[in-house]
Every structure is written in structure tokens, then in C-alpha cells.
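[1] Compute the structure for the input listed below.
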Amino acid sequence: MNENNKRGSVQLSPTALGFDYGQMNSVYNDNAFSIGQGFHFPTVYKNDKNRLLEQWNFSLFNVNLKEKEITQMVEQVYYTLLVLREKERLLVKVDSLFDSFQQKSKLQLATGEKNGIEFANTTIQRAGIQQQLTNLKKYKQELISQFQILLHAEEIIQPIQTDIKANLSLKIDSTLVLDHPLLAMAEKQIEIEELKMNIQKSYFIPDFNLRYNNMSMRGSGADDIFYSGSKRFQSLSLGVGIPVFNRNIRTNLKSLDIQKKIAENNFETQKESLLEEYKKALYSYKENLRIVEYYEVNVLPSAQSIYQKANLQLLEGEISFIEWGFLVNQAIDAENNYIDGVKMLNESIIRIHFLTRK
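    Next up is the predicted model:
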């Protein structure tokens, strides 16, 4: 809390200026000036200062939350770009495969060896792949622009990482969730409501008022001296304000007590919500990791085997192009499903980071 905030935490009552004119001392008309200032009991200012300090801390937690949200968005865009790059690599590889066999089918069609159905099939297949590539590149460009905005960068930034999988950078520990700024803000709101109640309670304490008076006098004074009005007399007065009619204070206290209970309930709800979200994210992480590891050990090697054997059997005439295309599409689907599995794994890791990382 900076010095301006500290100075602004003390709010005095408005300074009162007064002017009187009339027969105050005798039959002659006199005038009087006064200036007064009211003061709360110091406890009021102390409680109000503490409230402002806690509201300042609340705003700092909010800033921390925004930083975490931006970090999460950066991670999401970063790993989505990696996944899209891998999907683009797969589509380019597949397009290259279909292109080579399309050229072969075109040649066979020209020499009359084939009836044209294989060439038509590869044309349709490639058209679909080209459309997917076009859509993917458009989406990737949108993400690159979003990446620049998030990082406040003027130049184009792209990931240089080759591994498309995110790493869980934290030890699995649910207690880390309790340090989340959302929970800290909910807890801080309880403290703020309690301080508001303390401020209201301090209004039961009497106020003070200090006033300076300056007046003229015409006529004979208590000292039997006659004054013409040119000489002025001064005095100080101290008053005490007792809150006899304090119904409004009690009403405010009841309202603030309700607000405090609401804040306490919000804190417990937020705590349970974050722990439950962490539990779901952790379960999702373990399941997605299991699937990804299974694909890496069993499915991807099988997909590579299908590519090799299908190409060889097609060249040797053991299978038709239609059969080859069916086998290759199975391998493509396997690789694509693996990439989608990694994407889901990354999302669960990024969410765990958001919930637990400071």
C-alpha cells in the first residue's frame, strides 16, 4: 500500500465554518466567527485503515489470478500450435503418399491398364486432405496472431520445441490448491467483511468536536470596561458526540453479519470447487497418460508396420489400391488419434498447472 493510500485512509468529517450576528452580549449587535472539526475515536480510523489495506491485498490477489489465467492461455496456445504442426506433418505425409499413387494410377489409366476407379478414388482422397490442410493452416495462423497478442510481441513467434507433449512440472499434491488466488480472495473477503463490522462497532464510541470561536463585543464586559467592538475575543470549545440513537448502527451490523456469513460460505464453496476440479483434472491426466503411453508402445509401431507392409504389397500386386487405401487410412487414423490423445493430455496438465502452480 503506497503513501497516497495510507494518507487517504484517514477521512475526517467536513470542517464546519460558522458566522453569527446579533445581540449576543448586550443590546448591541456583535459578530462571531467559528471553525470546527469533528473527530472519530482513533479506533475508527485504525479499523478503516486496516480495511483499505485488506482491500489492497485483495486487489493484489486479483492481479495474481489474471497472471495465472494469461499463463494458462499462453500454454494452451503454445501446445495447440505444436499439435497443429504435428497434424500438418501427418497430412503432408499422407498427401505425398496419395500423390505418388495418383501419378501411378494416372499412368496406368493412360496405358489402359486400369479402368479409372483408382485414379478417381485418389483424386477424392487428396481433395479431402487438401481441404483439411487449408483449414488447419488458417486456424494455425489465427493462433499465431493470438500468441503475439498474449506475449505483446511484434514479431511472429512460433514454438521451437519438437516434443508435442507437455510435462507436469509440479509434484502431485492437492494441498497446493489451497494457495490458489481464487481461494485467497475468498478468504480475504471474509476479513474485509469482519473489518467493516469492526468499523460499525466503533461508531458506538463517542465522537469529538473541537471548535475555535472569535467574536466582537460592544458594551460593558464583566471587567466593567466598555468595548467598542474593535477588540475581538477568542475561545475554544470541545464537544462530545454520544450515539444515543444508534438503531441505524445496529441495523448495519446485522446486514454486515449476513454479508460475512455469505463470504464464509463462498470461501468453503470455492475451496470444495477447486479441490473437486483438481481431482477431475488429475483423473483426466492419469487416464490420458495411460492412453498416450499405450499408443506409443503398441499402436504407433503397428501403424508404421501397416504403412510399410501395405506399400510393399501394393507394389508387388498382392493387394489392390482400394485395399491399400483402407489399410493406410487405418494407420492415419491411429496416428491422428494419438495426436488427439496428446492434446487431451496437455489440456489436463495445463489445468493442473493453473490450479496448483504459484
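[2] Following the chain past the top helix by length along the chain, name the next helix or strand.
    When the chain is parsed with DSSP state H, its longest helix is helix 42-110. As assigned by DSSP states H and E, the chain's next helix or strand after helix 42-110 is helix 117-151.
[3] can you give me how far that following helix is from the chain middle?
    Between the centre of helix 117-151 and the centre of its chain there are 32 Å (CA atoms, centre = their mean, to the nearest Å).
[4] Same check on stretch 150-163?
    22 Å.
[5] do the same with stretch 342-352
    The gap between where stretch 342-352 is centred and where its chain is centred comes out at 18 Å by CA atoms, centre = their mean.
[6] which residues sit against it?
    72, 75-76, 79-80, 83, 86, 164-168, 170, 277-278, 281-282, 284-285, 288-289, 291-292 (CB atoms under 8 Å, 6 or more residues apart in numbering). All C-beta spots, glycine's among them, are computed from the backbone N, C-alpha and C.
[7] pLDDT wise, what is residue 34 at?
    Residue 34 carries a pLDDT value of 89.
[8] gap between it and residue 19?
    Distance, residue 34 to residue 19, using CB to CB, to the nearest Å: 8 Å.
[9] which of those two has more neighbours?
    Each of residue 34 and residue 19 has its neighbours counted (other CB atoms under 10 Å); residue 34 has more, 16 against 8.
[10] For the nearest residue to residue 310 once chain neighbours are set aside, give me its contacts.
    Nearest non-adjacent residue to residue 310, counting by CB to CB, 6 or more residues apart in numbering: residue 327, 4.1 Å away. If a contact means CB under 8 Å, 6+ apart, then residue 327 has 306, 309-310, 319 as its contacts.
[11] Distance of the residue positioned nearest the centre of the chain relative to residue 350?
    Nearest to the mean C-alpha position of the chain, counting by CA atoms, centre = their mean, stands residue 66 at 3.5 Å. Noted for residue 66: a distance of 17 Å to residue 350, by CB to CB.
[12] Please check the contacts of residue 327 and keep the buried ones.
    Buried members of the contacts of residue 327, counted by 16 or more other CB atoms under 10 Å: 306, 310, 319.
[13] okay, those in TSV with secondary structure and distance to residue 209 next?
    Output for these, formatted as TSV (DSSP: H, G, I helix; E, B strand; the rest coil; distance: CB to CB, whole Å):
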residue	secondary structure	distance to residue 209
306	helix	92
310	helix	96
319	coil	102
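[14] nearest to residue 354, of those residues?
    Proximity of the buried ones among the contacts of residue 327 to residue 354 was ranked by CB to CB; the top entry is residue 306 with 38.6 Å.
[15] The closest one: what's its closest spatial neighbour, skipping adjacent residues?
    Excluding its sequence neighbours, the residue lying closest to residue 306 (CB to CB, 6+ apart) is residue 331, at 4.2 Å.
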